[in-house]
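A.B. asks: Here's a sequence, model it:
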Amino acid sequence: MTQNGNLKRRVRARAAKTGESYTAALQHIRQPSPEDLAIRSVRIVVAQTSLFNDPRDHSALHASGVEMRRLMREAHKAGARIIHLPEGTTCAPNKRIMSGNGPGEIGPSDWTRCEWGTLREELEAVRRLASELKIWTVLGSVHQLTSPHRPHNSLYVISDRGELVTRYDERLLSNTKISFMYSPGKVPVTFEVDGLRFGCALGMELHYPEIFTEYERLDVDCVLFSTTGETPSSAPAFAAEALGHAASNTYWISYSAHAPQSASAPSGIAAPDGQWASRCPANGEPAIAVADIRTDPEHPARPWRRKARADLYTPHQIDGDPRSDGRNLF
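C.D. replies: Below you'll find the model as predicted:
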């Protein structure tokens, strides 16, 4: 997050000095080096997990941890450098279960009901296993803040050394989440693995193209999007948005949702051509899918679109209103 802030300040300073657009200034600051032009590859696993939605249930929180660690071991056997898991992998608290007004009425969440100690124990076990397996682990969890602040809905990024290197907090929350459940995040988050840059998104943010164009400007190679999923009827269109964002921004998107949604929209990895490179089974069961994410420095689409979004067309635009010229009218 600090690196993102420093980059933005440099870009804004150049734009103010030269009169360039933000995109043009960013492009100048990030002139490619020979190293940037090398093809790089990372093997990633995307997972779909069981849905645990009651943070009061000690045994369920433990079961979610056991399942996560089993999938991490499967990812390690598949040769993955990263495993990407859904929103609320540890637990996706149900709004009615958490409502202080009782299950019959959705109201402000009572977070004293959460078994925070058990949650921390399971996360610590995941952290230790990530270090043991030497695998990067990105998972969804509620992040506790000091009272009276509501928690964040977050993605934890744990390195292959077992270190929590960063955390992404969902920014564009649903009406229920912002009204009764969570505090919103503020900033995009990126991190690097083996020379590839990853961004994070969460929840319903797939519906907001600005999240994904922002990550394109931040030079990511892949966005890790975690969700609990949509309703069965809406899930296929929701997942299709991942393909659209991948194609329009020419990068990879890993789409991770819970296993119950897989009957209509299983977890998968979308390639920059807008096609699924790999998907989990559509059987409602926890599972993983594997893909090798590769950069393609010579692909023309991304630099062209950056150029088009900058000041490419301004010199060619016609002054005045062309409609006032009668020769151009039928």
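
A.B. asks: From now on I want contacts and neighbour counts done on CA atoms only, so please keep to that.
C.D. replies: Fine.

A.B. asks: Please, where are all the helices along this structure?
C.D. replies: 2-18, 22-29, 58-77, 95-98, 116-133, 175-176, 209-217, 235-249, 301-309 (DSSP state H).

A.B. asks: Please name whichever of those is nearest to Arg294.
C.D. replies: Nearest of the helices of the chain to Arg294, taken as CA to CA: helix 235-249 at 13.5 Å.

A.B. asks: Can you name the residues that contact Asp273?
C.D. replies: Listed by CA atoms under 8 Å, 6 or more residues apart in numbering, the contact partners of Asp273 are Ala246, Ala247, Thr250.

A.B. asks: And for the first one, nearest residue in space, chain neighbours not counted?
C.D. replies: Leaving aside its chain neighbours, Ala246 sits nearest to Pro272 (5.0 Å; criterion: CA to CA, 6 or more residues apart in numbering).

A.B. asks: burial measure for the one you found, as a count.
C.D. replies: 25 (other CA atoms under 10 Å).

A.B. asks: Check the gap between it and Ala259 for me.
C.D. replies: Distance, Pro272 to Ala259, using CA to CA, to the nearest Å: 25 Å.

A.B. asks: Tell me where the stretch 51-200 of the chain is predicted with low confidence.
C.D. replies: Nowhere does the stretch 51-200 of the chain drop to pLDDT under 70.

A.B. asks: now the strands for it?
C.D. replies: With strands called from DSSP state E, counting those that start in this stretch, the stretch 51-200 of the chain shows them at 82-84, 136-143, 152-158, 164-169, 190-193, 196-202.

A.B. asks: and of the ones you listed, who's closest to Ser226?
C.D. replies: In terms of CA to CA, the element of those nearest to Ser226 is strand 196-202, at 4.9 Å.

A.B. asks: Model confidence score at Ile39, please.
C.D. replies: At Ile39, the model reports a pLDDT of 75.

A.B. asks: wait, doesn't it sit right on Glu298?
C.D. replies: No. At 9.2 Å, Ile39 does not count as touching Glu298 under the criterion of CA atoms under 8 Å.

A.B. asks: what sits against Tyr251?
C.D. replies: Glu216, Val220, Asp221, Cys222, Val223, Ala271, Pro272.

A.B. asks: Check the nearest residue to it once chain neighbours are set aside and give its pLDDT.
C.D. replies: Distances taken as CA to CA, 6+ apart put Pro272 closest to Tyr251, at 4.5 Å, once the chain neighbours are dropped. Pro272 is assigned a pLDDT of 96 by the prediction.

A.B. asks: mind listing what Pro272 touches?
C.D. replies: Contacts of Pro272 (CA under 8 Å, 6+ apart): Ala246, Ala247, Asn249, Thr250, Tyr251, Trp252, Ile253.

A.B. asks: 10 Å - rerun?
C.D. replies: 221-222, 243-253, 293-296 (CA atoms under 10 Å, 6 or more residues apart in numbering).

A.B. asks: Could I get the strands of the stretch 51-200 of the chain in JSON lines, plus columns for mean neighbour count and distance to Arg69?
C.D. replies: Shown next, in JSON lines, are those (neighbours: other CA atoms under 10 Å; distance: least, CA to CA, whole Å):
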{"stretch": "strand 82-84", "mean neighbour count": "26", "distance to Arg69": "11"}
{"stretch": "strand 136-143", "mean neighbour count": "24", "distance to Arg69": "10"}
{"stretch": "strand 152-158", "mean neighbour count": "25", "distance to Arg69": "13"}
{"stretch": "strand 164-169", "mean neighbour count": "19", "distance to Arg69": "16"}
{"stretch": "strand 190-193", "mean neighbour count": "16", "distance to Arg69": "21"}
{"stretch": "strand 196-202", "mean neighbour count": "23", "distance to Arg69": "21"}
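
A.B. asks: among these, which is nearest Pro93?
C.D. replies: strand 136-143 (8.4 Å).

A.B. asks: Only alpha carbons, please: show that closest one as CSV.
C.D. replies: Provided in CSV are the C-alpha atoms of strand 136-143 (Å, rounded to 0.1, in the frame of the first residue of the first chain):
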residue,chain,number,x,y,z
TRP,A,136,1.6,-18.0,-1.1
THR,A,137,-1.9,-18.1,0.4
VAL,A,138,-4.6,-15.5,-0.2
LEU,A,139,-7.8,-16.1,1.8
GLY,A,140,-10.9,-14.2,2.9
SER,A,141,-11.5,-13.5,6.5
VAL,A,142,-13.2,-10.9,8.8
HIS,A,143,-10.5,-8.6,10.3
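
A.B. asks: how far is that strand from where the chain is centred?
C.D. replies: Centroid displacement of strand 136-143 relative to its chain, using CA atoms, centre = their mean, to the nearest Å, is 11 Å.

A.B. asks: Next: stretch 86-97.
C.D. replies: Computed by CA atoms, centre = their mean, the separation of stretch 86-97 from the middle of its chain amounts to 17 Å.
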